[in-house]
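**Student:** The sequence and its predicted three-dimensional model are supplied below.
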Amino acid sequence: MKPVEVARLWEANAESWTRCVRAGYDVYRDKLNTPAFLAMLPDVRGLYGLDIGCGEGANTRKLARLGARMQAVDVAPTFIRHAKATESAAPLGILYEVADGMHLPFAAGSFDFATAFMSLMDMPDHGLALKEAARVLRPGGFFQFSILHPCFAPPHRRVLRDARGNVLGIEVGRYFEPMNGSVSEWTFSNLPLRERARVAPFRTPMFHRTLSSWVDLIRAAGLEIEKMGEPAATRQQAETDPIVADTCVAPLFLHVRLRKPV
């Protein structure tokens with residue numbers, strides 16, 4: 001799939017996506033994925049950072065509140081419009097612009113760190129995106145990203161439950177089958193019926209690579225793996241928010257922190 005088509009799909013999703021996530025329907029993000037990502041993040045106070053694929057800016061704002069000076073980019077103009085509107089209403093000093101993570105409009109060595117919250121996996125050329133992140137980092141800077149776990153969220157994934165709805169296991173398949181832009185239609189599982197009636201399903205591009213392929217691309221970009229994380233809900237979290245209970249059995253997300261050599 002060509003980058004222009006990826007951008008078109010995300011622009012089509014952006015309005016309803018923004019409304020849904022701001023209404024709290026992305027439970028995986030709010031209750032598990034983002035908190036775990038931030039817990040793994042080094043201290044960013046006083047650092048200059050770039051958030052790649054920022055969406056409507058929720059996570060960028062969290063980074064700014066941690067003390068970082070932030071810029072952020074996304075391919076969807078509607079996401080950037082919403083992010084800028086929030087910045088105008090409650091300024092945190094964040095600069096947003098429409099840009100492609102595979103062709104970043106910044107000079108080499110511009111940033112102390114970069115992040116990509118669940119966006120890198122949606123880019124057609126993961127290797128090019130990693131090289132661009134490495135290019136705009138200063139020597140010694142880090143790049144931390146989150147993606148769907150290649151091992152436990154391959155092209156086929158199904159949560160197995162008993163009659164009471166308790167998670168028994170995760171069925172996975174087609175792990176070695178590359179996916180280069182298949183379009184998946186879905187919506188947040190806790191979206192109320194009244195919302196489902198007026199919100200079309202999201203149509204998102206899917207690009208799957210094996211874990212070893214990701215490691216090869218990271219090394220080819222000249223980056224070093226510093227830390228990895230596989231967030232899992234606690235039993236208490238699973239009882240409070242059953243949507244995330246599958247992560248007690250196997251991780252849905254993979255977090256990776258990379259360092260640019262000095």
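**Tutor:** Nice, I can see it.
**Student:** contacting residues around the helix or strand where R81 lies?
**Tutor:** R81 belongs to helix 77-89 when elements are defined using DSSP states H and E. Applying Cβ atoms under 8 Å, 6 or more residues apart in numbering, the contact partners of helix 77-89 are 10-11, 14-15, 17-18, 54-57, 60-61, 72, 74, 94, 96-98. To be clear about C-beta, it is placed using only N, CA and C from the backbone, and glycine gets the same treatment.
**Student:** Please enumerate the helices of the stretch 51-200 of the chain.
**Tutor:** With DSSP state H, counting those that start in this stretch as the criterion, the stretch 51-200 of the chain has helices at 58-65, 77-89, 126-136, 193-196.
**Student:** about what we covered before: of the contacts of helix 77-89, which count as buried by neighbour count?
**Tutor:** For these, a neighbour count by 16 or more other Cβ atoms under 10 Å gives the buried set as 10-11, 14-15, 17-18, 54-57, 60-61, 72, 74, 94, 96, 98.
**Student:** Render the CA-only coordinates of stretch 200-213 in CSV, please.
**Tutor:** The C-alpha coordinates for stretch 200-213 follow below in CSV (Å, rounded to 0.1, in the frame of the first residue of the first chain):
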residue,chain,number,x,y,z
ALA,A,200,-18.8,4.0,10.7
PRO,A,201,-16.2,1.3,11.6
PHE,A,202,-12.6,2.4,11.4
ARG,A,203,-10.7,1.2,8.4
THR,A,204,-7.0,0.9,9.3
PRO,A,205,-4.1,-0.4,7.2
MET,A,206,-2.2,-3.4,8.6
PHE,A,207,1.5,-4.1,8.1
HIS,A,208,2.9,-7.2,9.8
ARG,A,209,6.5,-8.2,10.3
THR,A,210,8.0,-11.0,12.4
LEU,A,211,9.9,-10.0,15.6
SER,A,212,13.2,-11.0,14.0
SER,A,213,12.4,-8.7,11.0
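**Student:** Could you tell me the average pLDDT over it, please?
**Tutor:** Stretch 200-213 carries an average pLDDT of 95.
**Student:** can you count the residues close to R69?
**Tutor:** 18 (other Cβ atoms under 10 Å).
**Student:** ok, and the closest non-adjacent residue to it?
**Tutor:** Leaving out its chain neighbours, the residue that sits closest to R69 by Cβ to Cβ, 6 or more residues apart in numbering is Y48, at 4.9 Å.
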